[in-house]
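In: Return a 3D structure for these sequence lines:
(2 chains)
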Protein chains: 2
Amino acid sequence: MSTDASDTDRPAAADDDGEDAPEAYESLLGEYRRIANVRSAGEMLSWDQQVMMPEGGTPARSQQLSTLSSLSHELLTDDAVGDALAELDAIELPAEQAAVVREIQRQYDRAEAVPGELIEEISTTSSEALPAWEEAKAEDDFESFAPYLQKHVDLKREYAEHIDPDRDAYEVLFEEFEPCLSLERAEQILETLRETLVPMIEEIRNADADLATDAFTSLGSYPADDQEALCRDVLSTLGYDWDRGRLDTSSHPFTAGTTFDSRVTTRFDESDPLGSLLSTVHEFGHATYTVGLPDEHYGTPLGEDRDLSVHESQSRLWENHVGRSAAFWEHLLPTFTDHFPHAADVTPREAYEAANQVYENNLIRVEADELTYHLHIIIRFEIERALIAGEMDVEEVPAVWNDKYEEYLGIRPETDAEGCLQDIHWSHGNFGYFPTYSLGSAMAAQLYAAAEADIGADALEAGVREGDFDPLHDWLTENVHRHGARYETNELVEQATGESFTADAFTDYVTEKYGSLYDLDSV
Amino acid sequence: MSTDASDTDRPAAADDDGEDAPEAYESLLGEYRRIANVRSAGEMLSWDQQVMMPEGGTPARSQQLSTLSSLSHELLTDDAVGDALAELDAIELPAEQAAVVREIQRQYDRAEAVPGELIEEISTTSSEALPAWEEAKAEDDFESFAPYLQKHVDLKREYAEHIDPDRDAYEVLFEEFEPCLSLERAEQILETLRETLVPMIEEIRNADADLATDAFTSLGSYPADDQEALCRDVLSTLGYDWDRGRLDTSSHPFTAGTTFDSRVTTRFDESDPLGSLLSTVHEFGHATYTVGLPDEHYGTPLGEDRDLSVHESQSRLWENHVGRSAAFWEHLLPTFTDHFPHAADVTPREAYEAANQVYENNLIRVEADELTYHLHIIIRFEIERALIAGEMDVEEVPAVWNDKYEEYLGIRPETDAEGCLQDIHWSHGNFGYFPTYSLGSAMAAQLYAAAEADIGADALEAGVREGDFDPLHDWLTENVHRHGARYETNELVEQATGESFTADAFTDYVTEKYGSLYDLDSV
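Out: The predicted model follows:
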């Protein structure tokens, strides 16, 4: 499954290295590298803002980021890019070069279609909507946020119309985050998740299982410094390249950087060591993808991540399929108790159960478990899709939100603060982003199953138990990381796994794992 | 002396706020703000590179910085800037606007005069010269570095010729760092320093004074963590705004940032706590200037520092006139001994003597004291001036260097590594930078004397003794910081002190201070 189709079609061609590439191609690459550098400069300044910057720095940072953002837009829509693309359109290019041109063409077409004033207006609306959302959330006052949400809906419909007036606006917006995964496929996957998970979660709620959910939390507190030391050990164990990264703290864990320097953050809750630990493993997955991109293609689409789903597949694979596995806890527990001797009596089985509990009363997406998480996502997806389609009014959001929580999760928010105001995404006008979280999980399951098939499930598990993650790293680098954005999403998954991208592997995985954990009848 | 000339000439005009400014002026400001944002973004990425970046990050960071640097050059030489300047040239503007236009015009003229290929070649030469210099220094092999130095000399002569073929090339290069201070005045000041300091240092060498030079270093070691805690206390005491800054460590102390976020660094030598402490006070001076620039003019020349000399005057003022004063040590010693109880018996007088010792055998600029420092600078100035004038060959540099050290300081380097290869500046092709260090010291003395005259010398000293630095902050903000680059250098000094910029205040200051410390006959 690690076969690279274009390499088997024909022998490696010298011109695939770009050495004999047309002049217009070299010129296009030169322009794109500048764009990529401006973008990654901006990403690093955002990292700094969230991790290092003193509070007073905001006014200058906002202006710097806004300037870099408009410069990268101007560079992308510059005639130098348009002319090179037009010239290359008439030339038959080798596969790698064709992929580079395809990716830049797609970005160019979108950027070029939208008037600068609309971009500006969306940006201004976001700047105003963010503090309005923060206040609405603090005051539990959806009404005060509704006008901003309405404005974002209107602007984003207009935005999509500029890009393609003939297509479903939500589809166009979704492509902002998933440029080459069809919305139809995404919907099928989300539909499968819903059909599988709603009854499974209900069954778990009724199962009355006796899992060791408080194995760690019942033992007292876990000082932040010790958690940090543990997270550093975990990163080293997993194979994090400290020459190309750092670990810091921030209010929301995230990963930022380039293949040469991919930094992760986490945060600490002294009552629960699993939060920082599993979020660190999650961010490790993102970072290891970025670092696994080919150095020699830095600044070009061949050195860039495919899309948000593939990125999320890497973080979820490491978090869920490795970090929440029984084998991993057999490996980790001695290290864990080195840092926290008061947890010395916790058994690997208890740790495994604690790391995989399904929360019955959790209303908050970012605190959700591996199963309920997707229903949080599906609710957002259904609502934002209806909003953009004009099938739902902004005013209806709180009621529809609460009804869906009741229907899918059997719980009902008592306030909008812990309901439809909990996430930041809509205040940025980001419609179409949420689904990528679930798509990433489904893809992680499919990739992990393929890695098991290639490496051998027992050998892979034995490696995890012994702290040898090299076979998994090698498999992911070979099948995912090294390709950058060369293949479109489904093509990448097909080449890596031999199958089109579906939710099947995910449903198999959760059915087996949670069926066994909760002793479910349906399994 | 705090009078603002243009405000006394006429009543405050509404159009001086920019509200009624011509359209071309607003357009020019808009363009310049983008340039300023790109520059400050680059400065922040350089800070990150020196303070936070993992080692592997270099390839991406170099490209990001190079892209931002060429973008700011392109934005500056864009027709939008040129056209606005041309239009404004014909309009009589109020003083503030005229100053803004003058500053941007100067930058535009220089940037526009030099071909992009030459800029590129200088940049490439620097990239190659830097590792060559590092190796030459490590191997004590000047010959291997000589060709790079020669190339830089040739390129910079060509560069100056493009800007103004009719003027002394060194003068043109000096203006890169001192855009509006005449080289003639700078030379007069350096000449006065040389005439004053060479005999004074010789006298000190022969004075056989018994200063408590090892008051701290004889007492054992000073752990880096405790030094850092002390530096934080010192910054807080001096009035550092932690909402607009941070303290970190780096191999060479520096300051970077904007008026909203100006960060300082230091480094620790566990055998000597004075190094980190005084370098922190020095960087505090830089940071407090940057933070003191007017927020409302961020991104325009009115919100930018005047030049390197004025910047250095602020760091030297705080380092030398405050941090090395007897009054400051009376104030600081209790805090110092809180962190280092083993130094509890050191008296304020001993601390003062240790902080002001003159080194008799130091060959290294960055380790020099307040007096010998300037002879290190003058030697470099004389050599680089002769190189650019074509009056000296690159091959002669080591011998001339060593002869001058013998002549001015009575010591002779035994290797080029501790001689003419010690500084990084020439590997960057920075000719004309060194003098700004000494000019800053001379200016610091003149400003401090003026502050003493305005506030009252006794009141100012009493404030320092009690840890009340507000009067000094207020004076510096009023007379220096708030003006940004509104006035040319000498104009700024004249307005602040009532006198043209000379070395007189500096020679008075060191004659009195070191005459008394070393009991010199000449005083």
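In: Can you name the next helix or strand after whichever strand or helix holds residue A:102?
Out: Per DSSP states H and E, residue A:102 falls inside helix A:95-113. Remark: after helix A:95-113, the chain's next helix or strand is helix A:116-139, criterion DSSP H and E.
In: Could you give the average pLDDT over that next one?
Out: The pLDDT scores in helix A:116-139 average 91.
In: Would you check that residue A:336 makes contact with residue A:229?
Out: No - under the criterion of Cβ atoms under 8 Å, residue A:336 makes no contact with residue A:229, lying 11.0 Å away. To be clear about C-beta, it is placed using only N, CA and C from the backbone, and glycine gets the same treatment.
In: what's in contact with the helix holding residue A:102?
Out: With Cβ atoms under 8 Å, 6 or more residues apart in numbering or on different chains as the test, helix A:95-113 has contacts from A:6, A:9, A:15-18, A:21, A:25, A:28-29, A:32, A:73, A:76-77, A:81-82, A:85, A:88, A:93, A:162-164, A:176, A:179-180, A:300-302, A:304, A:485-487.
In: likewise stretch A:173-182?
Out: With Cβ under 8 Å, 6+ apart as the criterion, stretch A:173-182 contacts A:106, A:110, A:156, A:159-160, A:183, A:186, A:307-309, A:388, A:430-433, A:435-436, A:439, A:488-490, A:501.
In: on that earlier part again, out of the contacts of helix A:95-113, list just those in helices.
Out: A:6, A:9, A:25, A:28-29, A:32, A:73, A:76, A:81-82, A:85, A:88, A:162-163 (DSSP state H).
In: Now do the contacts for residue A:148.
Out: A:125, A:128-129, A:132-133, A:427.
In: Counting neighbours around each, name which of residue A:336 and residue A:229 comes out higher.
Out: residue A:336 (21 against 14; other Cβ atoms under 10 Å in any protein chain shown).
In: Could you grab the helix/strand/coil label for that one?
Out: helix (DSSP: H, G, I helix; E, B strand; the rest coil).
In: Buried subset of the contacts of stretch A:173-182 as a ChimeraX selection?
Out: Here is the ChimeraX command that selects the buried residues among those (16 or more other Cβ atoms under 10 Å in any protein chain shown):
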select /A:110,156,159,160,183,186,307,308,309,388,430,431,432,433,435,436,439,488,489,490,501
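In: Narrow the contacts of stretch A:173-182 to those in helices?
Out: A:106, A:110, A:156, A:159-160, A:183, A:186, A:308-309, A:388, A:435-436, A:439, A:489-490.
In: could you dump stretch A:175-183 to PDB, C-alpha only?
Out: Extracted C-alpha coordinates of stretch A:175-183, given in PDB (Å, rounded to 0.1, in the frame of the first residue of the first chain):
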ATOM      1  CA  GLU A 175     -13.500  23.700   0.500                       C
ATOM      2  CA  GLU A 176     -11.800  26.500   2.300                       C
ATOM      3  CA  PHE A 177     -10.700  23.800   4.800                       C
ATOM      4  CA  GLU A 178     -11.000  20.700   2.600                       C
ATOM      5  CA  PRO A 179     -10.100  21.900  -0.900                       C
ATOM      6  CA  CYS A 180     -10.300  18.400  -2.500                       C
ATOM      7  CA  LEU A 181     -12.600  16.200  -0.500                       C
ATOM      8  CA  SER A 182     -16.100  16.100  -1.800                       C
ATOM      9  CA  LEU A 183     -18.800  17.300   0.600                       C
END
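In: Nearest residue to the residue of the stretch 351-500 of chain A found nearest chain B in space, ignoring adjacent ones along the chain?
Out: Residue nearest to chain B within the stretch 351-500 of chain A (Cβ to the nearest Cβ): residue A:484, separated by 14.7 Å. Excluding the flanking residues, the one nearest residue A:484 by Cβ to Cβ, 6 or more residues apart in numbering or on different chains is residue A:302, at 4.3 Å.
In: do you know how far the one you found is from chain B?
Out: For residue A:302, the distance to chain B equals 15 Å [Cβ to the nearest Cβ, to the nearest Å].
In: Please list all residues in contact with that residue.
Out: A:96, A:99-100, A:294, A:483-486.
In: which one among the residues you listed gets closest to residue A:121?
Out: residue A:485 (29.3 Å; Cβ to Cβ).
In: Leaving aside the residues adjacent along the chain, what's closest to that closest one?
Out: Counting by Cβ to Cβ, 6+ apart, the residue nearest residue A:485 is residue A:301, at 4.3 Å.
In: got it, and residue A:193?
Out: residue A:374 (4.7 Å).
In: Could you check how far the one you found is from residue A:163?
Out: Taking Cβ to Cβ, to the nearest Å as the measure, residue A:374 falls 29 Å from residue A:163.
In: ok, the two, which is more surrounded?
Out: residue A:374 (28 against 18).
In: I'd guessed that one sits against residue A:441; true?
Out: Yes - here residue A:374 reaches residue A:441: they are 6.8 Å apart, a contact under Cβ under 8 Å.
In: quick one: contacts for residue A:295?
Out: A:259-260, A:303, B:59.
In: Point out the residues in the stretch 1-150 of chain A that sit beside chain B.
Out: Contact residues (Cβ under 8 Å from any Cβ of the partner chain) of the stretch 1-150 of chain A with chain B: A:33-34, A:37-38, A:40-42, A:44-45, A:48, A:52-61, A:63-64, A:66-68, A:70-71.
In: Fine by me, we can end here.
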